[in-house]
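In: give me the fold of what follows.
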Amino acid sequence: MRQLAMLAESQPSSDLHCIHYPHWLDTVGADAMLQASLRLDWQQNNISMWGRTMPLPRQEAIYGDDTYQYSYSRGKVVLTASL
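Out: Residues are numbered from 1 along each chain as shown. Just a heads-up that it's a prediction; the model follows:
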């Protein structure tokens, strides 16, 4: 399988940048964010690849403006208006 072999050939890069913001959210804010995420309408969507439809290996909660139509992997995405 050539795709996996490509990963083995990759080399670390010294020109990548990562900015870390420790403590950007205090305990109260973090707890509020956790509680909000627990109320989201999580769902497992499907993806079509190579003529096969399979479940995505993650849960998603998709939100957006209801005046627009969204699609992903040829499937219509049903939006929830607000968090």
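In: ok, residue 45 touching residue 56?
Out: Yes - assessed by CB atoms under 8 Å, residue 45 is found in contact with residue 56 at 5.3 Å. Every residue, glycine included, has its C-beta placed from N, CA and C.
In: where does the protein dip in pLDDT?
Out: 1-10, 72-75, 77-83 (pLDDT under 70).
In: can you map out the strands along it?
Out: 46-49, 52-55, 70-72, 75-77 (DSSP state E).
In: which one of the ones you listed lies nearest to residue 12?
Out: strand 46-49 (29.3 Å; CB to CB).
In: picking up where we left off before, out of the strands of the chain, nearest to residue 37?
Out: Of the strands of the chain, nearest to residue 37 by CB to CB is strand 75-77, at 19.2 Å.
In: mind checking how far the residue nearest the centre of the chain is from residue 67?
Out: Per CA atoms, centre = their mean, the C-alpha nearest to the average position across the chain is that of residue 60, at 6.5 Å. With the distance defined as CB to CB, to the nearest Å, residue 60 ends up 21 Å from residue 67.
In: next: residue 33.
Out: For residue 33, the distance to residue 67 (CB to CB) stands at 27 Å.
In: the two: who's more crowded?
Out: The neighbour count for residue 33 versus residue 67, taken as other CB atoms under 10 Å, is higher for residue 33 (11 against 6).
In: look up how far residue 68 lies from the nearest residue to that one once chain neighbours are set aside.
Out: Nearest residue to residue 33, sequence neighbours excluded (CB to CB, 6 or more residues apart in numbering): residue 25, at 6.7 Å. Distance of residue 25 to residue 68, computed by CB to CB: 30 Å.
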